[in-house]
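J.: sequence plus predicted model, see below.
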Amino acid sequence: MRPDGREQAGAIADELLVVRCQLGERDAFDALVRRWAGPVSGYARRVTGDADAAAELTQDIWLRVVRGIGRIEDTSRFRSWLFGVAHRAFADQLRRKYRAAMPLPAEDDIAEADDGEATFDGAAVERGLARLAPVEREILTLFYLEELAIDEVATALSIPTGTVKSRLYRARKQLRRALELHGDAQ
């Protein structure tokens with residue numbers, strides 16, 4: 001998918017802001033925070049499913065960004081770098097809380113997606129995401145809600161693109177199943 005003019009202009013603006021941050025301009029970092037605060041806090045809210053945990057995660061993400069922005073070599077990849085930082089902060093938060101991931105259902109237990117497309121409202125999808133294990137919730141959030149391309153998701157999560165595709169496939173099926181089991185299909 002080719003980025004439109006607005007996306008390209010935004011990416012260039014991000015690159016310039018990152019370079020300015022690396023030169024020590026505080027105003028540039030403030031501008032980056034303003035520009036990315038919504039997507040970062042939205043990601044945190046979706047993957048944690050809890051307002052307090054999301055606020056804590058968001059703070060941790062921005063702290064890591066402040067500490068690591070000087071080490072970005074390819075400033076054109078800021079977006080995937082940012083969500084990679086967010087992913088690692090989320091993984092660390094899970095480890096700190098000793099929260100065990102919900103067991104994944106066996107492939108045989110997952111109903112095959114039918115040819116008829118069911119439709120779901122935004123609130124139903126949010127409820128369905130909250131029912132998923134963190135791995136599935138995160139991959140769907142990055143790809144669909146944060147609109148990262150598959151290669152950007154792979155970079156952010158430090159996994160191969162093939163793994164992104166298989167996780168997306170499994171996560172979609174699990175989300176559909178969760179929505180259908182709870183009567184959220186329309």
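T.: Here it is on my side, so go on. Residues are numbered from 1 along each chain as shown.
J.: the helix or strand of the chain with the lowest mean pLDDT: what's the following helix or strand?
T.: One helix or strand of the chain scores below all others by mean pLDDT, DSSP states H and E: helix 122-131, with a mean of 84. Heading C-terminal from helix 122-131, the first helix or strand you meet, by DSSP states H and E, is helix 134-140.
J.: and that following helix, what does it pack against?
T.: For helix 134-140, the packing partners by 3 or more C-beta pairs under 8 Å, 6 or more residues apart in numbering; DSSP states H and E come out as helix 26-48, helix 78-97, helix 122-131, helix 150-157, helix 161-181. The way it works is simple: take the backbone N, C-alpha and C, and place the C-beta from them, glycine included.
J.: got a list of contacts for that helix?
T.: 46-47, 49, 87, 90, 94, 101, 129-130, 132, 153, 157, 164, 167-168, 170-172, 174-175 (C-beta atoms under 8 Å, 6 or more residues apart in numbering).
J.: just the buried subset of these, please.
T.: Using 16 or more other C-beta atoms under 10 Å as the burial test, these include 46-47, 49, 87, 90, 94, 129, 132, 153, 157, 164, 167-168, 170-172, 174-175 as buried.
J.: tilt between the least confident helix or strand of the chain and helix 161-181?
T.: Interaxial angle of helix 122-131 relative to helix 161-181 (axes from the mean of the first three to the mean of the last three C-alpha atoms, to 10 degrees): 110 degrees.
J.: may I see the buried residues of helix 122-131?
T.: Across helix 122-131, burial judged by 16+ other C-beta under 10 Å covers 124, 125, 127, 128, 129, 131.
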